[in-house]
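**Q** Next input, structure requested:
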Amino acid sequence: MSEEKKSGFKAFLKRKNIIISGKRYFIDAMGAMASGLFASLLIGTIIGTIGTTLLSAFVTGTEAEGSVMATIANGLVDIGNFAKAMAGPAMAVSIAYALQAPPLVLFSMLAVGNAANSLGGAGGPLAVFFIAIITTEIGKMVSKETKVDILVTPFVTICVGVLLSMGCAPYIGKAANLLGDLIMTATELQPFLMGIVVSVVVGMVLTLPISSAAICAAFGLTGLAGGAAVAGCSAQMIGFAVMSYRENKVGGLVSQGLGTSMLQMGNIIKNPRIWIPPTLASAITGPIATCVFGLRMDGPAVSSGMGTCGLVGQIGVYTGWTQAVEAGTKTAITAFDWIGLILISIVLPAILSEVFCLILRKINWIKKDDLKLNDI
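**A** Modelled structure (predicted):
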């Protein structure tokens with residue numbers, strides 16, 4: 001390609017707001033994908049779990065089937081199922097929104113997301129991620145280039161996206177599923193070592209400006225590996241919340257403990273040593289989760305990467321418990337289950353991170369206001 005053509009193509013991409021960069025695709029798009037998952041699969045699962053819990057707790061016997069409580073509970077289950085069914089379209093539209101797609105491209109991604117997620121099988125989220133990015137950028141290229149844009153843009157966007165889904169989604173899904181199965185099988189075979197690896201890696205990803213929830217969903221990370229991921233994410237969030245309490249008080253405790261440890265990213269860049277305490281805590285709580293409590297994430301995979309954000313990780317674990325009880329693979333939810341979940345998610349991360357932080361403060365590796373959040 002000649003220099004003139006190269007410069008012309010670059011100008012075309014700039015005019016179409018197509019920015020090829022790791023930040024836009026792997027931070028902005030992936031973060032948006034997690035939001036789409038939260039607004040469909042995750043919230044649908046939570047609503048459905050509330051419904052099934054009400055059914056098992058308050059609706060007993062055939063005489064109660066027409067009661068008000070039964071109607072409410074069954075309604076919640078139905079609402080949850082409708083929300084979960086929209087996971088593919090929600091992810092695709094969220095990604096297109098992050099890539100600043102024009103309206104006709106954005107709305108056309110509903111069909112593309114549905115196709116990619118359905119054809120991708122268990123690895124559907126990863127298929128949606130790649131196909132939605134490619135399709136959105138192609139849709140942006142043709143947008144408003146003709147006088148019949150209302151026909152051309154959705155036609156091209158939907159056809160390209162669905163054809164890509166038909167040709168690529170099954171293979172992307174299988175690859176994601178194989179990798180996820182490999183990680184989960186390795187965790188079952190080597191719970192101590194993999195408990196450390198999964199907990200530390202997923203926990204650190206949660207604090208980085210990358211979506212740990214989207215990654216866990218993409219690879220279908222559940223089971224014992226999902227439990228280790230919950231431990232690692234919780235260690236980062238609760239760890240930073242507790243160890244920075246003297247600087248950020250209650251506001252910081254809530255925004256990090258129930259929000260995100262990503263708020264500390266700016267401070268980590270200034271002083272990477274502040275990342276040591278919660279990371280060491282995750283290296284301890286991960287294997288305790290896998291080897292001592294057998295903590296499993298048998299709820300939606302996206303919950304594995306959420307930690308204590310809105311207590312979604314813990315709700316996901318509870319959802320798995322209730323499903324196992326209903327399926328007959330678990331006799332009951334025991335006190336030991338609850339003790340393990342609370343220790344792994346809150347108590348141990350808080351204690352361990354604070355102890356490690358005090359040691360680092362003592363040797364002056366962490367100084368006054370190193371953990372201060374300016375917006376709190």
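**Q** Might you list the low-confidence residue ranges for the stretch 101-250 of the chain?
**A** Counting by pLDDT under 70, not a single residue of the stretch 101-250 of the chain qualifies.
**Q** Could you pull out the strands in the stretch 151-300 of the chain for me?
**A** Read by DSSP state E, counting those that start in this stretch, the stretch 151-300 of the chain holds no strands at all.
**Q** where do the helices sit along it?
**A** All helices of the stretch 151-300 of the chain, identified by DSSP state H, counting those that start in this stretch, fall at 191-207, 212-218, 223-243, 245-254, 265-270, 276-287.
**Q** Of all those, which one comes closest to Tyr171?
**A** Nearest of the helices of the stretch 151-300 of the chain to Tyr171, taken as C-beta to C-beta: helix 212-218 at 14.3 Å. Every residue, glycine included, has its C-beta placed from N, CA and C.
**Q** quick one: stretch 20-33 to chain centroid distance?
**A** Centroid displacement of stretch 20-33 relative to its chain, using C-alpha atoms, centre = their mean, to the nearest Å, is 14 Å.
**Q** Output the helices of the stretch 151-300 of the chain in CSV, with mean neighbour count appended to each entry.
**A** Shown next, in CSV, are the helices of the stretch 151-300 of the chain (neighbours: other C-beta atoms under 10 Å):
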stretch, mean neighbour count
helix 191-207, 24
helix 212-218, 31
helix 223-243, 32
helix 245-254, 15
helix 265-270, 14
helix 276-287, 25
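**Q** Tabulate those (JSON lines), appending distance to Thr153.
**A** As requested, the helices of the stretch 151-300 of the chain are exported to JSON lines (distance: least, C-beta to C-beta, whole Å):
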{"stretch": "helix 191-207", "distance to Thr153": "35"}
{"stretch": "helix 212-218", "distance to Thr153": "27"}
{"stretch": "helix 223-243", "distance to Thr153": "39"}
{"stretch": "helix 245-254", "distance to Thr153": "43"}
{"stretch": "helix 265-270", "distance to Thr153": "37"}
{"stretch": "helix 276-287", "distance to Thr153": "46"}
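**Q** Looking at those, which is nearest to Ala332?
**A** Comparing the helices of the stretch 151-300 of the chain by C-beta to C-beta, helix 223-243 comes nearest, at 18.6 Å.
**Q** Quick one: residues contacting the residue nearest to the spatial centre of the chain.
**A** Residue closest to the mean C-alpha point of the chain, counted by C-alpha atoms, centre = their mean, is Ala213 at 1.4 Å. Under the criterion of C-beta atoms under 8 Å, 6 or more residues apart in numbering, the neighbours of Ala213 are 34, 37-38, 302-306.
**Q** how about a cut-off of 6 Å?
**A** 34, 302, 305-306 (C-beta atoms under 6 Å, 6 or more residues apart in numbering).
**Q** closest to Arg15 out of the helices of the stretch 151-300 of the chain?
**A** helix 212-218 (29.6 Å).
**Q** For that closest one, list the C-alpha coordinates in CSV.
**A** The C-alpha trace of helix 212-218 is given here as CSV (Å, rounded to 0.1, in the frame of the first residue of the first chain):
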residue,chain,number,x,y,z
SER,A,212,-12.1,-9.9,35.9
ALA,A,213,-15.9,-10.6,35.7
ALA,A,214,-15.8,-10.7,31.9
ILE,A,215,-12.7,-12.9,31.9
CYS,A,216,-14.3,-15.4,34.3
ALA,A,217,-17.5,-15.4,32.2
ALA,A,218,-15.5,-15.8,28.9
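**Q** how distant is that helix from the center of its chain?
**A** 4 Å.
**Q** try stretch 301-313
**A** On the basis of C-alpha atoms, centre = their mean, stretch 301-313 sits 7 Å off its chain's mean C-alpha point.
**Q** which outside residues touch it?
**A** With contacts defined as C-beta under 6 Å, 6+ apart, stretch 301-313 is touched by 37, 42, 206, 212-213, 216-217, 220-222, 226, 229-230, 233-234, 237-238, 257, 297, 316.
**Q** now do the same end-to-end measure for it.
**A** 10 Å (C-alpha to C-alpha, to the nearest Å).
**Q** ok, now stretch 328-338?
**A** One end of stretch 328-338 to the other measures 19 Å (C-alpha to C-alpha).
**Q** mind checking how far that stretch is from the chain centre?
**A** 25 Å.
**Q** Now it: average pLDDT?
**A** What stretch 328-338 shows for mean pLDDT is 94.
**Q** just to revisit the earlier point, between the contacts of Ala213, which sits nearest Leu253?
**A** Out of those, the member with the shortest distance to Leu253 (by C-beta to C-beta) is Met306, at 18.1 Å.
**Q** What is the neighbour count of Pro145?
**A** Quick fix: residue 145 reads Glu, not Pro. Neighbour count for Glu145, taken as other C-beta atoms under 10 Å: 11.
**Q** Setting aside sequence neighbours, what's the nearest residue to it?
**A** Of all residues not flanking Glu145 in the chain, Val152 sits nearest, at 7.5 Å (C-beta to C-beta, 6 or more residues apart in numbering).
**Q** repeat for Ala332
**A** Nearest residue to Ala332 in three dimensions, chain neighbours excluded: Val325, at 6.4 Å (C-beta to C-beta, 6+ apart).
**Q** How about the contacts made by the nearest residue to Gly307 once chain neighbours are set aside?
**A** Counting by C-beta to C-beta, 6+ apart, Cys233 is the residue found nearest to Gly307 once chain neighbours are left out, at 2.9 Å. Contacts for Cys233 (C-beta under 6 Å, 6+ apart) come out as 203, 206, 307.
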